[in-house]
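# Sequence and predicted model, in that order:
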Amino acid sequence: MKNKKESWYSDEKGRELDKVTLLSLYKIYHDYMGKSLNRHFNVRNYYTVLLSALLGLYTGGIIQLVIAGINVIRWSMLHWVLLMLPVAVIVLSLLAIKSTTRYYSAFLRRVVLVAKIENMLGIDSQVKTKKEKRPRDLIWEKDENFMIKYYWESRKAFEHSEQFIEKKKWKGDNQWAVVTFASFIGIGVALLILNLLVWF
């Protein structure tokens, strides 16, 4: 008798999944797809708030520096905080890019699986809406296909799913997340250089 792990594998020729199994998998991966995207948003927002707070702390330290004078603060705790904050901003920004991209890639992998299941269920560009049976109040009545044209055209532009994931993970919301955190890196580098010029 096969154990639970082995029972998930098909034979060398593969096996066909029935519609009940496909619908169950569709529900599971569609749910995972939404959760992965939400995690991406949560991680993006978390790091954005954290990095903004660090820059706000740095600004407050600079104001204190101007009020007290550089010679008074030199080699104090505030001095070390101001020295280390730009480094923290750079490191956390790099970590933020890696984390948001990981969760966005996980979202795209679910998109791929959902798209494959839709295709196996026959939900593709061949599904048409019959003109003679359309209700009178049908929204977007000029649409001939059930599927949104953009979805299946964008999928067909790639030869395999890994190519789709690799290309799309730098698009959409993750593109703006990467640009945002790259900007934080730029600010951190500029502040680090300013620190070196002022303090040493």
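Cool, got the structure. Bear in mind the structure is a predicted one, so any value in this text is a computation, not a measurement.

# any chance you could map the helices in the protein?
Assigned by DSSP state H, the helices in the chain fall at 19-68, 70-73, 77-120, 149-156, 161-168, 172-199.

# So which of these is the most surrounded?
Mean neighbour count, computed with mean count of other CB atoms under 10 Å, is highest for helix 77-120 among the helices of the chain, reaching a mean of 18. Backbone N, C-alpha and C define where each C-beta goes, glycine included.

# residues in contact with the residue nearest the centre of the chain?
Most central residue of the chain, judged by C-alpha distance to the mean C-alpha position with CA atoms, centre = their mean, is residue 104 at 2.7 Å. Taking CB atoms under 8 Å, 6 or more residues apart in numbering as the definition of contact, the neighbours of residue 104 are 36-37, 40, 169, 172-174, 177.

# again with residue 113
Residue 113 makes contacts with 25, 29, as judged by CB under 8 Å, 6+ apart.

# Tell me the spacing between it and residue 185.
33 Å (CB to CB, to the nearest Å).

# and what of residue 54?
For residue 54, the distance to residue 185 (CB to CB) stands at 13 Å.

# Now do the shared contacts for these two.
Any residue near both residue 54 and residue 185 by CB under 8 Å, 6+ apart counts here, and that gives residue 89.

# Please report how far residue 101 lies from residue 176.
Remark: distance between residue 101 and residue 176 (CB to CB) = 12 Å.

# again with residue 166
From residue 166 to residue 176 the distance is 18 Å (CB to CB).

# Residue 51 too?
In this structure, residue 51 and residue 176 are 15 Å apart, going by CB to CB.

# And residue 160, its phi and psi?
For residue 160, the backbone dihedrals (degrees, to the nearest 10) come out as phi -150, psi 160.
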